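# Model the following, please.
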Amino acid sequence: MRWANALALGCAFTWSLYSVLSRRFGETPSDAIAAFCAVSAALSLVCHLLFESTVWPASTMAWLAVLALGLGPAGAAFYLWDHAVKRGDIRALGALSYATPILSTALLIACGLAEPTGCAADRRRAGHHRRGARLARAVAALASFPSPVIRGRVREGEGHSLVLQAPFESLS
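Numbering: from 1, shown residues only. Predicted structure coming up:
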């Protein structure tokens, strides 16, 4: 379990580093995401062949589901995130990303793929939900404050985009 937590922390650090550096080097076209995805797919295939046993989808519908997962969440999501990080309001993007679990659950319920549950009626679980909601609100509030790392300087022709400053000054 310790390795799993360490790997999860490493993934969180890698994703945040990617998001920060993507904004810092904004001149890199978002179309480069396809190349990065292809390289990561090749590396994933090597790891799969070395450490896992292969189970092929059994039906055409299963193959279509695999294709949809590759194009949607794994493909379009990376491209759209890169575009938003480079051109959007980074504070709003960070705060809105906390809505992902709520929106995905609502989408599953709206599409009829999940049933709403009454887990909030259970007092013990309700306390956990309230604490989690308070924590999410606190993080969203903190994300809305200006950071000492991010200073609101507008790049020419990019509207209200934020540009990273120190400690990344030495990179330029």
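# From now on I want contacts and neighbour counts done on CA atoms only, so please keep to that.
Noted.
# Does Ile33 lie in a helix or a strand, and which?
Under the criterion of DSSP states H and E, Ile33 resides in helix 32-51.
# looking only at pLDDT, what's the mean for the helix or strand that that helix is followed by?
Using DSSP H and E, the next helix or strand after helix 32-51 towards the C-terminus is helix 60-71. Across helix 60-71, the average pLDDT comes to 88.
# Kindly report the same for stretch 106-120.
The predicted model gives stretch 106-120 an average pLDDT of 79.
# pretty sure Pro116 is in a strand, no?
No. Secondary structure of Pro116, determined by DSSP: H, G, I helix; E, B strand; the rest coil: coil, with no strand assignment.
# Surely it and Ile109 touch.
Yes. The pair formed by Pro116 and Ile109 meets the contact definition of C-alpha atoms under 8 Å, at 6.6 Å.
# which residues are common contacts for those two?
When contacts are counted by C-alpha atoms under 8 Å, 6 or more residues apart in numbering, Pro116 and Ile109 are jointly contacted by no residue.
# Pass me the low-pLDDT residue ranges in this protein, would you?
1, 118-132, 135-136, 139-172 (pLDDT under 70).
# Quick check: longest helix in it by residues?
helix 2-24 (DSSP state H).
# the domain parsing of this protein - what is it?
According to automatic domain parsing, the chain comprises the domains 1-87, 90-172.
# Give me the neighbour count for Ser30.
When counting by other C-alpha atoms under 10 Å, one arrives at 16 neighbours for Ser30.
# does it really touch Trp81, like I thought?
No. With contacts defined as C-alpha under 8 Å, Ser30 does not count as touching Trp81, sitting 9.5 Å away.
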